[in-house]
Each structure stands twice: as structure tokens, then as C-alpha cells.
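Q: Output the structure for:
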Amino acid sequence: QAHPPITPCKAVDPSTIQDTTQRNVYILVVKHYLACCSRDAVGRETTLTVKIASEEFTAKGLMIEQKNWLEIYEPWERWST
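A: Numbers count the residues shown, from 1 in each chain. Down below sits the predicted model:
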């Protein structure tokens, strides 16, 4: 069963955390928590298939309309086709 995300107990300026590993973990926890509380991302995927003679060509495209949680969680998460 899933459990709620790790919740930061207090706000800290990440630049005050001396240890690089601890600072990176803190940033990851905070961004993950905020992303969990954010709205879903919204997008549309388009697939186009064209047949020319005996050859078939397919192209895919993705248009992200609202990044929402993706904007917070970058660079760890991306929406790609």
C-alpha cells in the first residue's frame, strides 16, 4: 500500500545546508512533496501516419498545455512521448 509523501517539517534555505548530499536530499524531498500537492499535468499527444506508395511513415508529437507538477519536479521528471 502507498503511504503519504515525506513531509518537510520546516522551511530551510537550501544554501544554508553545508553538506551537498544533505542539501540535495532536502531539495528532492521538498520538490516531491510540492509536486504531490499540485495539479496533474495536461497535454495532448498526436500521431500522424502517412502511407506513400508501399512505405508508411509515422510521426508523433506532444503538446503540454499545463505543466503544473512537472514544473516543480524538474529536472527529475519530464513528460515525453
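Q: residue boundaries of the helices in the protein?
A: Secondary structure of the chain (DSSP state H): helices at 20-36, 69-73.
Q: quick one: which of these is nearest residue 53?
A: helix 69-73 (40.3 Å; Cβ to Cβ). From N, CA and C alone the C-beta is placed, and that goes for glycine too.
Q: check contacts around residue 9.
A: Going by Cβ atoms under 8 Å, 6 or more residues apart in numbering, residue 9 touches no other residue.
Q: do you know how far it is from residue 29?
A: 10 Å (Cβ to Cβ, to the nearest Å).
Q: Quick one: the strands in this protein, in order.
A: 42-52, 55-66 (DSSP state E).
Q: Including mean neighbour count and mean pLDDT, could the ones you listed go into JSON lines?
A: JSON lines is the format used below for these (neighbours: other Cβ atoms under 10 Å; pLDDT from 0 to 100):
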{"stretch": "strand 42-52", "mean neighbour count": "10", "mean pLDDT": "95"}
{"stretch": "strand 55-66", "mean neighbour count": "10", "mean pLDDT": "94"}
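Q: so which of those strands comes closest to residue 13?
A: strand 55-66 (29.2 Å).
Q: What strands flank that closest one, and is each parallel or antiparallel?
A: Strand 55-66 has the following strand partners under DSSP bridges: strand 42-52 (antiparallel).
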